[in-house]
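**Student:** Sequence first, predicted coordinates after that:
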Amino acid sequence: MPALTIVVAVLFYAAAATLAGGVAYHIWLYARTPQPLKIPTTPAPTTRAGVMLRMLKEVTLFESLFKANKWSWLFGWVFHVALLLVLLRHLRYFTDPVWGWVVLIQPFGIYAGFAMLAGLAGLWARRFLVDRVRYISSPSDHLMLALLIAIAASGLVMKYVAPTDIVALKVFFLGLMIFSWQPLPADPVLLIHLALVAALMIVFPMSKLLHAPGVFFSPTRNQADDPREHRHVAGWAAQIDNTSSGVRR
Amino acid sequence: MAEFETPALREYPVIPLLQVGSMAHSKPFVAKAVYQEPLGFPGELVPDWENVAVKKLGALVSQSRALQVFLDSCVKCGACTDKCHYFLGTSDPKNMPVARQDLLRSVYRRYYTFAGKHFPRLVGARDMTKNVLDEWYSYFHQCSQCRRCAVFCPYGIDTAEISMAAREIMDTVGVGQKYCNEIIAKVHKIGNNLGLPGPALRNTLEGLEEDVKDATGVDVKFPLDVKGAEILVVVPSADFFAEPHIDGLIGYAKVLHAAGISWTLSSHASEAANFSLFIGNGDNLQKVALRVREAALDLGVKRIVVGECGHAWRVAYSFWNTLIGPFDFLDPAYPVPQHICEVTYDLMQRGAITFDKSANDDKIVTFHDSCNVARASRMGEKPGGQFSIPRAIIKACVNRFHDMPSDTIQESTFCCGGGGGLLTDDLVELRIKGALPRMQALQQVVDEYGVNYLAAICAICKSQFTKVLPYYQHPMDMIGSVHGLVSNAIVLKADA
């Protein structure tokens, strides 16, 4: 077994464990932390079904961002949708036989690679061109965009400039998933692509990428507007006992 | 007090270029021990305060899903950067909501995240130092907790929650704000923000009865501590003495009189405002609110109604059931609490009260949505009732009404510039500059429709505009209560 294969295999096990463990930990943390008071931004839905619809619009259409800034919305939404398509397209490297709908979306996944780059470029341009956004950007914000752009670019290079042995790569990943290690093609571009993806997976749960699970737990968006109808009791507010009050002064 | 210029109104609103540090000098007076201690806070900066502050931050985050999610989730997208009225009015980049949050987030990251512990410079993490504390004191007292940024944030990150947490931490280490803490101490001791004791209150109300009798010939009562009344009305104490607030109180009294509903004020719960919200302290929030439960039980009322006050309505609508509920001792046929606008609107719908609009024919009216009502509460049964109900009341009382531009009202409303515990003369520069976006929108309807009356349903807004309007070349009495309009227009039957 080549040393390279071992290194990449171990790297991906570590990255997958970090990603899954880290995200699971934060989901547990957000779910466990109480929200003592009702703080939905109103007007808000008054029912759970309404809240689900609000959340659905937020995570699929980026409704609030659309209200806020059309350029950020355009670049951000295009990037996220493209990333989703690209990820789904990549399922073909992890499934055998490849599912029918994954086959169907393959061409879209290719275009999405370019759309993803364009969205990221737009987002990065804002960090330089808009003085307000430049002010709030820290090195990690730039690095995150650089990382994502490098991942997309190296992927497209493999598609159009320096193809790798995709059959061997699929054998490697299918093997990886059942702990049967197969040799990995030693292409430089492929190795760069894989290393960056592993880096992204590791960074995910310790960075602002936590916005992905975080948005679902945001009380300003996921609470129903029903404080008069239902007494909300959680956290420190649950310690309150008013039953003996009323004898005043 | 530093000299400053009132910002110029433009033909169109503009997003300013950054002027770093332009408001770094702004800070309110620090509370002395005598105002800190009644609230349970130390009187001066405590020893080892850095560690105390960091521990308190950790404790607050572990007790608030909002903080936990908000501190982790910001991606620095910039959506909020042009949404804060204080930024738009001052150009100081630290008044951009995300930058304000980062003042606290940087410390959270340093002590509570892997990246911040090991790569502080990379992620902008900072140690808790005196400089940081000073910066907090300055800029977390340049946030009116109006939640406008939260509306536009793709993750719903609410800077109000973060600024409340920062103030709570500062109080915990002994650096509180005089204005808020002095007022909260007064409520604990006397029952209202003004420190108006029971006998003085009774005197004021009797005076009002005479005034209304002189003006209308009708015996409209302002009852105090009447046991067995149907409704306990809790109003911001400004309604008892300040113009234009008092016209609102007269309006509530006339509505309830005309509808024949028995009601009472309480000398024990003579304050709807609850400034504990602004300092983010749950104990004080509950303790102040509890006076209302006690008064309601003591007086044996069946309903509780809240007067025109923005943050008070947020606390009442969103938090009372949690803090001082359950309200199983009240009439289940009515929501608890009710806003006075809901009461007036219902009576109006049922024909129990009628209006003569011509009484307000000298006025061309616009309506200022107060932030806490607009973005943190509701009126009526449907979402958005907090916008439609006050407007329906106004339109029933006046012939000429025009809304300000749509991106400055309803959920996008701009704060008056004085909310969140900043309504103090030691912050007057901030207040004038922070009013810019609202004044810009107002100017537009003044120019277009000749608007000469700005109606509001918040005591802080009313006081703030009284102060601010002259700086922008408008008369200070242009601001008025919605129930001041009601008071003018309502048809009262002469006593039999």
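**Tutor:** That came through, no problem. Only a predicted model underlies this, so the values are computations on that prediction, with no experimental measurement involved. Numbering: from 1, shown residues only, chains lettered A, B, ... in the order given.
**Student:** ok, which residues in the stretch 101-250 of chain B are in contact with chain A?
**Tutor:** Residues of the stretch 101-250 of chain B found near chain A (C-beta under 8 Å from any C-beta of the partner chain) are B:102, B:113-115, B:119, B:121-124, B:147, B:150-158, B:161. Just so you know, the C-beta spots here come from the backbone N, C-alpha and C atoms, and that holds for glycine as well.
**Student:** Which of these fall in helices?
**Tutor:** B:Asp102, B:Phe114, B:Ala115, B:Arg121, B:Leu122, B:Val123, B:Ala150, B:Val151, B:Phe152, B:Glu161 (DSSP state H).
**Student:** so what's the backbone phi/psi at B:Phe140?
**Tutor:** Reported as degrees, to the nearest 10, the phi and psi values for B:Phe140 are phi -80, psi -10.
**Student:** mind listing what the nearest residue to it once chain neighbours are set aside touches?
**Tutor:** Distance criterion C-beta to C-beta, 6 or more residues apart in numbering or on different chains; nearest residue to B:Phe140, sequence neighbours excluded, is B:Ala166 at 4.2 Å. Contacts for B:Ala166 (C-beta atoms under 8 Å, 6 or more residues apart in numbering or on different chains) come out as B:Leu103, B:Leu104, B:Trp136, B:Phe140, B:Gly280.
**Student:** Tell me how many other residues crowd the fourth one.
**Tutor:** Residue neighbour count, defined by other C-beta atoms under 10 Å in any protein chain shown, stands at 24 for B:Phe140.
**Student:** Please apply the same query to the second one.
**Tutor:** B:Leu104 sits with 25 neighbouring residues when counted by other C-beta under 10 Å.
**Student:** Just list the residues touching A:Val103, thanks.
**Tutor:** By C-beta under 8 Å, 6+ apart, A:Val103 lies in contact with A:Arg92.
**Student:** And it, how close does it get to A:Leu156?
**Tutor:** Going from A:Val103 to A:Leu156 by C-beta to C-beta, to the nearest Å gives 20 Å.
**Student:** Likewise for B:His188?
**Tutor:** Using C-beta to C-beta, B:His188 is found at 66 Å from A:Leu156.
**Student:** now B:Thr408, nearest residue through space, not along the chain?
**Tutor:** Nearest in space to B:Thr408, with sequence neighbours left out and distances taken as C-beta to C-beta, 6+ apart, is B:Ala441 at 3.9 Å.
**Student:** What's the end-to-end length of stretch A:182-191?
**Tutor:** One end of stretch A:182-191 sits 15 Å from the other (C-alpha to C-alpha, to the nearest Å).
**Student:** got the buried residues for that stretch?
**Tutor:** Buried positions in stretch A:182-191, judged by neighbour count with 16 or more other C-beta atoms under 10 Å in any protein chain shown: A:Gln182, A:Leu184, A:Pro185, A:Asp187, A:Val189, A:Leu190, A:Leu191.
**Student:** where does the chain dip in pLDDT?
**Tutor:** Reading this off chain A. Across chain A, the ranges flagged by pLDDT under 70 are A:244-249.
**Student:** other chain: chain B
**Tutor:** Low-confidence segments of chain B (pLDDT under 70): B:1-2, B:495-496.
**Student:** in which helix or strand would I find the residue sitting nearest the centre point of it?
**Tutor:** Compute the mean C-alpha point of chain B, and by C-alpha atoms, centre = their mean the closest residue is B:His311, 3.5 Å away. Per DSSP states H and E, B:His311 falls inside helix B:310-314.
**Student:** okay, the helix or strand just after that helix in PDB with CA atoms only?
**Tutor:** Next helix or strand after helix B:310-314 toward the C-terminus (DSSP H and E): helix B:320-324. What follows is helix B:320-324, C-alpha atoms only, in PDB (Å, rounded to 0.1, in the frame of the first residue of the first chain):
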ATOM      1  CA  TRP B 320     -45.100  38.800  31.400                       C
ATOM      2  CA  ASN B 321     -46.700  35.400  31.000                       C
ATOM      3  CA  THR B 322     -43.300  33.800  31.500                       C
ATOM      4  CA  LEU B 323     -42.200  36.200  34.300                       C
ATOM      5  CA  ILE B 324     -45.300  36.800  36.300                       C
END
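**Student:** what ranges do the strands span in chain B?
**Tutor:** B:231-234, B:263-264, B:303-306, B:338-339, B:365-367, B:453-456, B:479-481 (DSSP state E).
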